[in-house]
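Asks: The following comprises the amino acid sequence and a computationally predicted model.
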Amino acid sequence: MKLLHMMGGGDVGGAKTHIMSIITALRGRGHEVHLVSFRDGPFPQEAAARGVPVTVIEHMSPFKCRRELLRVVDAFQPDVIHCHGAKANLMGAMARAKRQIPVMTTVHSDYRLDYLGSPFKQMTRGTLNAVALRFLDFYQPVADRMARTLIARGFDPERMVTIYNGMDFDGSVEGLDRAAYIREKWGVEIGPGDVLCGIAARLTAVKDIATTVRAFAKALQEAPQLRLFIAGDGEDEDMLRKLAKQLGADSRITFCGWVTDVPQYFACMDINLLSSLSETFPYSILEGVREHCATICSDVGGMPDLIDAGENGFIFQPGDDGALAKYMARLANDPEMRRRFAGLLYEKASREFSLQTMCDTQIHNYERVLELFHQPKARRAGVVICGAYGKGNAGDDAILKAIVQEVREIDPTRPIWVMSRRPKETRVVYRTNAMYTFNVPAVLHRFRRSALYINGGGSLMQDVTSTRSLHYYLYTLRAAKSMGCRVMMYGCGIGPINRPANRRAAAKAINRAVDLITLRDDLSRGELTRMGITRPDIRLSADPTIILEPTPRETVDLTLEALGIPPEGRYIGFGLRNWKGLDGVLGEIAEAADYAYEKHGLIPLFVPIEFPSDLYPAQRVAEKLHCPHYTIDTRQPIEMTIGILSRMQAVVGIRLHSLMFSAGHGVPVIGMSYDIKVDGFLKYIGSRTCIQLTDVTAEAMKPLIDECVSGALDAEVQRMAVLLRQREHENTAGAKRLLDLGTVK
């Protein structure tokens, strides 16, 4: 590939390291790279010294800059123009208007905070950058958290590719006499028992070095052997020196100024600190990791992706000097913990955040950008997905996640639009475009530009909870069909539809509008037959959520520990919900849970599917228990919920998806049915362990628990888990057939 990188030229710190590392690595992979700098100085000179072709364009007028930039573009003919920083973003936006070349930008920091502490620069450069960003083609945020921030601000999630900074972990400093080095560099004498903390950052408001100074002063009370070395310069230096003196810590703090020999600096340190208010994925942390520093950092950017808090480092909330002080003192007084944290973090970072990994990701991102930019412009290419999304129900959210995953496997370039009750949240979580479910003009506008409408999973076609919603969903089927979309009801359940008028309306709309129905159970097929629905192609499949993989076991362990739940315990899971008849059986459920503990040593664990509403029935049962028990009392990602349920010895569920998530991963289930959809699923998987909710008694549940725990069901449950995954492929196959038919050039 031919790649034109553009940057301001005054870039320092992490941005400079990232750009220099990536262009050097790309050239090493055989790609042609040309660098444009809008200021002369050390950065472009260093790049030129490394053999990178460099053009320096220095003009105050952006129009003169654009004229010269276009000459470079026309001579070099790049495949991608890649911007870094405010000036480059502005010029990239101006060049984009004149040339048909994809323009992307790496978002190294939060553009709203880039000039924090300098109101004039915020109003001028910051505003220009914020405007220019809206006119670029693609965005490459450093770390997923910055991607979420951009999407929440309205940037197109399907024009977003993420990258993490990477470091060459070879060649760390060895054999350095740190006492002699520090004496020579900064005239400071350190003792053999001193524990050295370092922070390398610009001394500006967004780096919040003041929090580090305040925390250090507090930590000295418990760990007087601490010393702090601050590497960097900036407008906050005078304020920080005064603060250190005011707190009585100045004799133990050294201001090092701007440090160029960064590896040697970190090789001297025992603990690496970061107290920024905002970051993406700072190189200063990776540089410390390479030199085997223990790490404490604020909870910003991608730091939680690198640091497993309490396992290989510590993370604190920005501005919390008390927590930072506690962690500093703890590491200072525990040299074994320092060594262990440093070793574990080095192992993880060198494996997952290497320069090799960053370069691989960058090349993949370029390929993705080129694929999207040059895809044929079809009049109808998109997919609209409708369901009960954005209501906080983990089951419905899992359905959406699975459908989006499968549509992207079919064709990763197709735009996806989701009808959601919370479109902003849906955009951030699922990286799709979204619109409010009942915004009819927006929905109709999208139908006109889409190839496929998916009425997505779950049991939308029912009138138990609402007749109005049933008629709205039927309307969307008719509207999508009339506007040229292929229409699919995807891995769904049908019914109950009780009112005769509703049954007639549903039959009429589905027969006329729907091309394909894939069903998650046999009872739904029987219901369609009874309603006289025969025109669509009807096939048995499985619930889409069956394809979702659980969070890795080690991560589940960490989450359980954070919730105060021993990960090594043996548990029986409960997926409860409020429903008519539950009040009368709360005591029976509690008695059965006590029995599971007394007879089999299984600790009840309540796992909410819809948060927080499922906590209430869990609490009511828990109040009646006489055995130890736990509750997942914070909202968890879908994969984590599945991971937790997959660890159970058995699961007792009212919530359908507590049963589906468990059975799909080979866990025996006991259903307490309140609805035909629960009966339908349990019958579909051949389960004998189902009781109507109103008929639940402890005596009826005890033998079912015995059977689940005995292992008698294991082979059948595992066989059915495999079968469900095989059947689920019918959903993807059906969608692919309709997309092949429905795309209009």
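Replies: Received, thanks. Residues are numbered from 1 along each chain as shown.

Asks: contacts, neighbours, all on C-alpha from now
Replies: Will do.

Asks: And the helix or strand harbouring Gly456, what does it pack against?
Replies: Per DSSP states H and E, Gly456 falls inside strand 450-461. Helices and strands touching strand 450-461, by 3 or more CA pairs under 8 Å, 6 or more residues apart in numbering; DSSP states H and E, are strand 382-386, helix 394-410, helix 467-482, strand 486-494, helix 714-742.

Asks: What strands flank it, and is each parallel or antiparallel?
Replies: Using DSSP bridges, the strands paired with strand 450-461 in its sheet are strand 382-386 (parallel), strand 486-494 (parallel).

Asks: got those as a markdown table, with mean neighbour count and mean pLDDT columns?
Replies: Formatted as a markdown table, the strands paired with strand 450-461 follow (neighbours: other CA atoms under 10 Å; pLDDT from 0 to 100):
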| stretch | mean neighbour count | mean pLDDT |
| --- | --- | --- |
| strand 382-386 | 24 | 95 |
| strand 486-494 | 28 | 94 |
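
Asks: okay if I get these as CSV plus distance to Met640?
Replies: Formatted as CSV, the strands paired with strand 450-461 follow (distance: least, CA to CA, whole Å):
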stretch, distance to Met640
strand 382-386, 24
strand 486-494, 22
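
Asks: circling back to that earlier point, for Ser658, which of the helices and strands packed on strand 450-461 is the nearest?
Replies: Nearest to Ser658 among the helices and strands packed on strand 450-461 is helix 394-410 (8.0 Å), distances taken as CA to CA.

Asks: the inter-axis angle of that closest one versus strand 382-386?
Replies: Following axes from the mean of the first three to the mean of the last three CA atoms, to 10 degrees, one obtains 170 degrees for the angle between helix 394-410 and strand 382-386.

Asks: helices or strands next to the helix or strand just after helix 394-410 in the packing?
Replies: Next helix or strand after helix 394-410 toward the C-terminus (DSSP H and E): strand 416-420. Applying 3+ CA pairs under 8 Å, 6+ apart, we find strand 416-420 packed against strand 382-386, strand 433-436.

Asks: Give me the contact list for the helix or strand following strand 416-420.
Replies: Going down the chain from strand 416-420, the next helix or strand is helix 423-430, by DSSP H and E. For helix 423-430, the surrounding residues in contact (CA atoms under 8 Å, 6 or more residues apart in numbering) are 148, 151-152, 157, 390, 401, 404, 418, 420, 432-436.

Asks: what angle do the strand holding Gly456 and helix 714-742 make?
Replies: Using the same axes, to 10 degrees: strand 450-461 against helix 714-742 is 140 degrees.

Asks: For strand 450-461, C-alpha coordinates in PDB please.
Replies: Once non-C-alpha atoms are left out, strand 450-461 reads as follows in PDB (Å, rounded to 0.1, in the frame of the first residue of the first chain):
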ATOM      1  CA  SER A 450     -32.200  -1.200   2.800                       C
ATOM      2  CA  ALA A 451     -32.100  -4.600   1.200                       C
ATOM      3  CA  LEU A 452     -33.300  -6.600   4.200                       C
ATOM      4  CA  TYR A 453     -35.600  -6.000   7.200                       C
ATOM      5  CA  ILE A 454     -35.100  -8.400  10.100                       C
ATOM      6  CA  ASN A 455     -37.800  -8.700  12.600                       C
ATOM      7  CA  GLY A 456     -35.200  -9.800  15.100                       C
ATOM      8  CA  GLY A 457     -35.600 -12.700  17.400                       C
ATOM      9  CA  GLY A 458     -37.600 -13.000  20.600                       C
ATOM     10  CA  SER A 459     -41.400 -13.100  20.700                       C
ATOM     11  CA  LEU A 460     -42.500  -9.900  19.100                       C
ATOM     12  CA  MET A 461     -45.600 -11.500  17.600                       C
END
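
Asks: So for it, mean pLDDT?
Replies: What strand 450-461 shows for mean pLDDT is 89.

Asks: cool, stretch 721-741 as well?
Replies: Mean predicted confidence for stretch 721-741 is 90.

Asks: distance of the most centrally placed residue in the chain from Val428?
Replies: Compute the mean C-alpha point of the chain, and by CA atoms, centre = their mean the closest residue is Asp144, 6.1 Å away. Distance of Asp144 to Val428, computed by CA to CA, to the nearest Å: 10 Å.

Asks: what's the answer for Phe316, then?
Replies: 24 Å.

Asks: Looking at these two, which is more packed in?
Replies: Val428 (23 against 19; other CA atoms under 10 Å).

Asks: Could you check the pLDDT of Asp522?
Replies: With respect to pLDDT, Asp522 scores 86.

Asks: now do Leu682
Replies: For Leu682, pLDDT reads 85.
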